[in-house]
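J.: Give me coordinates for this.
(one chain, ligands or ions: 2)
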Amino acid sequence: MMNKEIADIFRQIADILEIKDENFFRVRAYRKAAQNIENLTEDLIVLVNEKRLDVPGVGVDLAGKIEELVTTGALKFFEELKKTIPPGLLEIMTIPGIGPKTTKLLFDKLKIDSVSKLEIAAREDKLSSLPGLKEKTQENILQGIELIKQRQGRILLSTALSVAQKILDALKKLKVVEEAVVAGSVRRRKETIHDIDILVTSTKPQTVTDVFTSLPIVKKILAKGDTKSSVIVEGDIQVDLRVVGPESFGAALNYLTGSKAHNIRIRELAKKKGLKINEYGVFREKTNRIVAGKTEHEVYKTVGLCYIEPELREDTGEIEAAADNALPQLVVLTDIKSDLHIHSRWSDGTLSIADMAKAAKAQGYKYMVVSDHSQSLKVAGGLTPKRLKEQIDEIKRLNRSFKDFRILCSAEVDIKSDGSLDFDDDILKELDVVLAAVHSGFKQAKEQLTGRITRAMQNKYVNIIVHPFGRLINERPAYELDFEKILQAACDTNTALEINCYPKRLDLDDIHVKRAKEKGAMLSLGTDSHAQEQLDFMELGVAVARRGWLEKKNLLNCLSSDEFLDKIRKK
Ligand SMILES: [Zn+2]
Ligand SMILES: [Zn+2]
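T.: Ligands and ions are numbered 1, 2, ... in the order given. Model (predicted):
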């Protein structure tokens, strides 16, 4: 847990206490502590571990709470406190300019306990009557809500995929629906998306539109026409539906999938051939006669290209490659033989190794890598060398019981702030695979962070650098790295770089993956699963790999366990 996160929790505690009219000095103590924590130059984790927690303005009580946060990753007091107020109030306080006082006023006088209720009240001019609320405040609140919406406008791919699936499942049940598919940036599998585009073919568009706009997850209808409609669903996500006749399916799918840049290039190619393309089909410019439109393959063929996979449609070379018949044979989920980054109950996972293995086998994998945290990551229950040795014994025992499956021993070893590793070589050499990662000191200078990782790669036992950029989408930016240097070191030392499949991470991202492929670096996929259902995150990692133009041969996960071990032992 980082200083900023701890400071945020203290600030939220102060806000809640203030709403509850608690002692003023107590509220102020939390605020002051939050501020002082943010101004620290050292990580609280280090201070706690070295028993040097002597932060100005932090007394015994708050120091205890910091220690609890650092060592357990949570704070019981905070969790209990949150339950004493409606959850929407905390969200209201994230609106710029709205503090606990206004929140309390809104709740006491108007029973407003969510951002959406607040928005409605402000639009209906109900706030201006409140005592002590300045005239301009209503306007500011609406502006603030817009800001929050923009922030939320970047929806994670995983969320978008599951919402889209729900809608598709419902629409596919209709007799009048022939095809129902997702288009837009979700189909291209971008890491974040703004809205979901659904395409349906039917000869009864009105029926489809009626059902779509009255689905239980729809919160608000933005527009409803014969063939186009737009709604907001739970989670404040916009979903657009387009209904076309079956003869236009391919053209409409191509049009709605984008990207814009890709489509412009396709239209240019069409023009050169005397054709025009829109969402209804491909037409001869002179006669307006339709020449294609039923399938996307057809559409591409009319402009002289072979089919281009949606993940590649960004106008980053795919048109040229298609013209040369040189498109990559993109990796698919069924090529994946292993998950190379899994946690168990031994550190911060929820399942035993045996149960994780059972689940990984059920995914169709032949092997998996158990990579629990190393000792200094106490927040995540990092293993001591002694515990790690016990774990290795357990894995050996489990492996004897499998026929067609294998667990590889590993650890996600912390790269310390100077680039040294959290375990000595005589421990690392006992492992089948070694993963290494940066989990602290994200604010270091670019050279320092780059140096830490390249130094870790020089260790002959380190095989994979996991979540190389340390970003959390919408929460924490990537730390600064000289990626070219990292890539060079990865190639020189035969160290792989991970595409972490965790929905918020997806790190490396597509652009860096593509560059890594060009450089000839080895890449791996790991779900970083801490629970059984998280093994499904592999789909997201494969999406990133495909957006990065990867083929089977670029990914360690497509090798058998023997081939994999052979390859990494070449280091
Ligand atoms: Zn990690
Ligand atoms: Zn991990």
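J.: Touching the helix or strand of the chain with the lowest mean pLDDT from outside, list them.
T.: Within the chain, no helix or strand scores below helix 135-152, which has a mean of 77 by mean pLDDT, DSSP states H and E. For helix 135-152, the surrounding residues in contact (CB atoms under 8 Å, 6 or more residues apart in numbering) are 94-98, 102, 115, 118-119, 122-123, 125, 127-128, 236, 474. Using the backbone N, CA and C atoms, a C-beta is placed for each residue, glycine as well.
J.: can you check stretch 390-405 too?
T.: Stretch 390-405 is contacted from outside by 346, 353-354, 357, 360-361, 365-368, 370, 372, 383, 406-407, 409, 430-431, using CB under 8 Å, 6+ apart.
J.: check contacts around Gly59.
T.: Here Gly59 is in contact with Ala29 (CB under 8 Å, 6+ apart).
J.: Can you report how many residues neighbour the residue of the stretch 51-200 of the chain found nearest ligand 2?
T.: Ligand 2 sits closest to Gly73 of the stretch 51-200 of the chain, with a gap of 13.7 Å, by CB to the ion. By the measure other CB atoms under 10 Å, the count of residues near Gly73 is 14.
J.: Surely it touches Val379?
T.: Yes: judged on CB atoms under 8 Å, Gly73 makes contact with Val379 at a distance of 4.7 Å.
J.: show me what contacts the residue of the stretch 401-550 of the chain found nearest ligand 2?
T.: Taking CB to the ion, ligand 2 has its nearest neighbour within the stretch 401-550 of the chain at Asp528, 4.2 Å off. Counting by CB under 8 Å, 6+ apart, Asp528 touches His341, Ile342, His343, Val466, His467, Asn500, Cys501, Tyr502, Arg505, Gln534, Phe537.
J.: Report the contact partners of Ser371.
T.: By CB under 8 Å, 6+ apart, the contact set of Ser371 is Leu340, His341, Ile342, His343, Ser410, Ala411, Glu412, Val433, Leu435, Val466, Gly526.
J.: which among those gets closest to Glu42?
T.: Glu412 (23.4 Å; CB to CB).
J.: Look at Glu279 and say how many residues are nearby.
T.: Per other CB under 10 Å, the neighbour tally for Glu279 reads 15.
J.: Next up, the contacts around it.
T.: By CB under 8 Å, 6+ apart, the residues touching Glu279 are Arg242, Val244, Ser248, Ala251, Ala252, Tyr255, Leu256.
J.: returning to what we had before: lowest pLDDT pick from the contacts of Asp528?
T.: Across the contacts of Asp528, the bottom pLDDT score, 93, is held by Gln534.
J.: Quick one: residues contacting the residue lying closest to that one once chain neighbours are set aside.
T.: Nearest non-adjacent residue to Gln534, counting by CB to CB, 6 or more residues apart in numbering: Thr527, 5.7 Å away. By CB under 8 Å, 6+ apart, the contact list for Thr527 reads Asp339, His341, Ile342, Cys501, Tyr502, Gln534, Leu535, Asp536, Phe537, Met538, Gly541.
J.: just Gly88 next, same as before
T.: Asp113, Ser114, Val115, Lys117.
J.: picking up where we left off before, pick the one among the contacts of Ser371 closest to Leu133.
T.: Among those, His343 lies closest to Leu133 (CB to CB), at 48.7 Å.
J.: quick one on the thing from earlier: ok, for the residue of the stretch 401-550 of the chain closest to ligand 2, nearest residue in space, not its chain neighbours?
T.: Leaving aside its sequence neighbours, Asp528 sits nearest to Tyr502 (CB to CB, 6+ apart; 4.5 Å).
J.: and that neighbour, what is it in contact with?
T.: Residues in contact with Tyr502 (CB under 8 Å, 6+ apart) are His467, Thr527, Asp528, Gln534, Phe537.
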